[in-house]
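Visitor: test case, fold it:
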Amino acid sequence: MSFTGRVEPLELDVDRCVALHNHILSIALAAPENSHIHVQQNYFEYWTAHEVAHNGSTESIERTRESLEGDPILEFLERINVVDWGQLSLTPHIRGLPEPGRLLHLCEGFYPFDYGKAIKLYSHHDTVSELEPGLFFDAETNTCTFTEAMFMPTPEDENVWVPLDHAFQRWVDLIEEGKYIVSPEEKGDECEPTGWKFADDAVLRIEETLKEWKNYIELVASKIPGHRASPSSEPLIKQETLDCYRIEGFVGAFLGQARKPDFEFVAPGLTIPSEDFMTEIGPKTRQDLEGFEDSGKYDVELMLFPLHSDHHLGLSLLRFFSDYQDSAALIWPMDPDEKQRMTWAPAEKFFGRWGPEFQHGPCPYLPRHQARLGAILRHWQRLVQDGMWEVDGNGISTSYERLKSPELREKLLLPTLCE
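Guide: Modelled structure (predicted):
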């Protein structure tokens with residue numbers, strides 16, 4: 001992997017890239033419901049037929065061809081299979097290739113990352129804005145990266161550039177792992193995929209997450225001087241409390257099955273949830289759940305490990321901008337200056353902000369999303385094992401203020417390859 005500004009030119013393995021692109025498309029086309037979808041080999045021939053039929057002009061196609069003359073990516077585009085991406089997306093997070101006029105047009109005069117020949121090879125959404133996410137390809141180095149927008153990243157938020165076939169292989173792996181599922185009944189729009197869906201495997205992953213939790217609390221307990229207590233059989237939250245507030249799905253399974261440790265602090269400043277705490281936030285959580293029942297989405301935030309018992313701050317399980325029930329993010333206090341900058345709503349409504357801590361760094365393959373709880377717990381184990389977090393009789397004794405220190409902040413990021 002190479003970071004922005006330090007990318008060495010690579011050879012583009014056109015044969016492998018074409019094979020992987022066509023393989024992904026063939027998986028979706030194998031569904032009987034998709035048998036009617038027309039497949040055209042050659043990106044330019046597909047769009048030539050489309051433009052002649054609708055506009056009578058192929059000027060943008062010819063201009064794009066000329067711009068890419070001599071670049072290996074041109075051969076790739078001439079050999080891949082193409083469909084109407086409105087009928088079938090390439091993956092759940094990739095709608096398809098933009099039309100030729102937008103392949104380069106979105107990058108003209110606004111090249112990201114100081115690259116002179118940037119191509120928006122795959123679009124996340126079917127929208128015209130250059131600020132929409134997608135997989136960008138640099139024809140000068142033959143590398144690619146997935147970015148949320150075309151902007152100059154800060155040093156701590158660099159984009160990672162990889163060979164194009166690595167991105168395709170990662171997508172194939174996600175399909176073979178059952179995380180991307182062909183679903184012909186999924187009818188998207190310009191902002192949603194068609195023919196695919198994400199596997200919400202959080203309930204299936206509960207055992208894995210519970211194992212990570214068990215390993216973590218036992219590790220912390222082993223670091224407490226003179227600790228002799230055996231693991232508790234009491235859950236974090238009693239089942240009757242969860243039932244009372246209809247806290248179900250992954251969060252209900254985790255809170256009802258994860259064993260309660262005999263120490264209070266599970267991370268710097270973060271405490272285990274108490275029955276009283278759950279009684280306090282339960283009515284609001286139940287109201288949120290009922291409000292989202294009609295949409296069929298679990299877009300609910302629940303503070304899992306509060307910051308000093310503050311139900312607005314801490315490690316929260318949430319589904320905002322995520323496709324997984326076990327997505328988690330850290331919500332830190334917002335300072336007065338930050339609140340004042342929130343001019344579009346009353347400042348008193350803002351209690352905290354999402355922090356980058358315990359999240360994946362920029363991923364070259366996928367849109368960003370919150371880290372999953374199991375990955376965060378595995379990372380916490382590493383922080384304790386490496387001595388980055390100190391332990392006393394009450395659990396993790398490192399203060400949350402120390403998380404902002406430069407020497408520790410970098411250690412809090414999860415591996416770049418997200419799940």
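
Visitor: and Lys197, what helix or strand is that in?
Guide: Under the criterion of DSSP states H and E, Lys197 resides in strand 196-198.

Visitor: immediately after that strand, which helix or strand?
Guide: Note on strand 196-198: by DSSP H and E, the next helix or strand toward the C-terminus is helix 206-223.

Visitor: neighbouring contacts of the helix or strand just after that next one?
Guide: Once the chain leaves helix 206-223, the next helix or strand it forms, by DSSP H and E, is helix 239-244. Residues outside helix 239-244 that contact it (Cβ atoms under 8 Å, 6 or more residues apart in numbering) are Glu248, Gly252, Leu255, Gly256, Glu275, Met278, Thr279, Gly282. C-beta: built from backbone N, CA, C; applies to glycine.

Visitor: which among those residues gets closest to Arg65?
Guide: Taking Cβ to Cβ as the measure, Arg65 lies nearest Glu248 of those, at 54.2 Å.

Visitor: quick one on the thing from earlier: can you flag which of the contacts of helix 239-244 belong to helices?
Guide: Secondary structure from DSSP state H places Gly252, Leu255, Gly256, Glu275, Met278, Thr279, Gly282 of these in helices.

Visitor: adjacent strands (with direction) for the strand holding Lys197?
Guide: Applying DSSP bridges to the sheet, strand 196-198 is found paired with strand 180-182 (antiparallel).

Visitor: which positions in the strand it pairs with come out as buried?
Guide: Within strand 180-182, the residues that count as buried by 16 or more other Cβ atoms under 10 Å are Tyr180, Val182.

Visitor: now do stretch 160-179
Guide: For stretch 160-179, by 16+ other Cβ under 10 Å, it's 160-172, 174-175, 179.

Visitor: in helices, which of those residues fall?
Guide: Leu164, Asp165, His166, Ala167, Phe168, Gln169, Arg170, Trp171, Val172, Leu174, Ile175.

Visitor: the fourth one and Leu135 touch, don't they?
Guide: Right, Ala167. Yes: between Ala167 and Leu135 there is a contact under Cβ atoms under 8 Å: 6.4 Å.

Visitor: mutual contacts of those two, please.
Guide: With Cβ under 8 Å, 6+ apart as the test, Ala167 and Leu135 both reach Cys144, Phe146.

Visitor: ok, so of the ones in helices among the buried residues of stretch 160-179, who is nearest Lys404?
Guide: For these, the nearest to Lys404 is Arg170 (32.4 Å; Cβ to Cβ).

Visitor: residues contacting the closest one?
Guide: By Cβ under 8 Å, 6+ apart, the neighbours of Arg170 are Tyr365, Leu366.

Visitor: if I look at it, how far off is Arg372?
Guide: Remark: distance between Arg170 and Arg372 (Cβ to Cβ, to the nearest Å) = 17 Å.

Visitor: which of the ones in helices among the contacts of helix 239-244 scores worst on pLDDT?
Guide: Minimum pLDDT across the ones in helices among the contacts of helix 239-244 is recorded for Gly282, with 72.

Visitor: show me the contacts for it.
Guide: Applying Cβ under 8 Å, 6+ apart, the residues contacting Gly282 are Thr241, Cys244, Tyr245, Ile247.

Visitor: please apply the same query to Arg378.
Guide: By Cβ under 8 Å, 6+ apart, the contact list for Arg378 reads Glu212.

Visitor: just the pLDDT for it.
Guide: The predicted local confidence for Arg378 is 94.

Visitor: equivalent analysis for the one 5 residues further on, please.
Guide: Leu383 is assigned 92 on the pLDDT scale.

Visitor: next: Glu45.
Guide: 93.

Visitor: show me where the stretch 301-419 of the chain has its strands.
Guide: Secondary structure of the stretch 301-419 of the chain (DSSP state E, counting those that start in this stretch): strands at 302-307, 310-317, 327-333, 352-355, 371-372, 391-392, 395-396.

Visitor: sheet partners, orientation included, of the longest one?
Guide: Pairing partners of strand 310-317, with direction, according to DSSP bridges: strand 302-307 (antiparallel), strand 327-333 (antiparallel).

Visitor: so which of those is nearest Val7?
Guide: strand 327-333 (29.7 Å).

Visitor: am I right that Ile24 sits in a strand?
Guide: No: with DSSP: H, G, I helix; E, B strand; the rest coil as the criterion, Ile24 is assigned helix and is not in a strand.

Visitor: isn't it up against Thr91?
Guide: Yes: contact status for Ile24 versus Thr91: in contact at 6.6 Å, counting by Cβ under 8 Å.

Visitor: more neighbours, those two?
Guide: Neighbours were counted for Ile24 and for Thr91 using other Cβ atoms under 10 Å; Thr91 has more, 23 against 20.

Visitor: where's that one, which helix or strand?
Guide: Short version: Thr91 belongs to no helix or strand, going by DSSP H and E.

Visitor: what sits against it?
Guide: So Thr91 contacts Ile24, Trp171, Leu174, Ile175, Tyr180, Pro193, Trp196 (Cβ under 8 Å, 6+ apart).

Visitor: show residues contacting stretch 197-215.
Guide: Residues contacting stretch 197-215 (Cβ under 8 Å, 6+ apart): 92, 178-181, 183, 186, 231, 249-250, 253-254, 257-259, 323-326, 372-374, 377-378, 381.

Visitor: recalculate using a threshold of 7 Å.
Guide: 92, 178-181, 183, 186, 249-250, 253-254, 257-259, 323-326, 373-374, 377-378, 381 (Cβ atoms under 7 Å, 6 or more residues apart in numbering).
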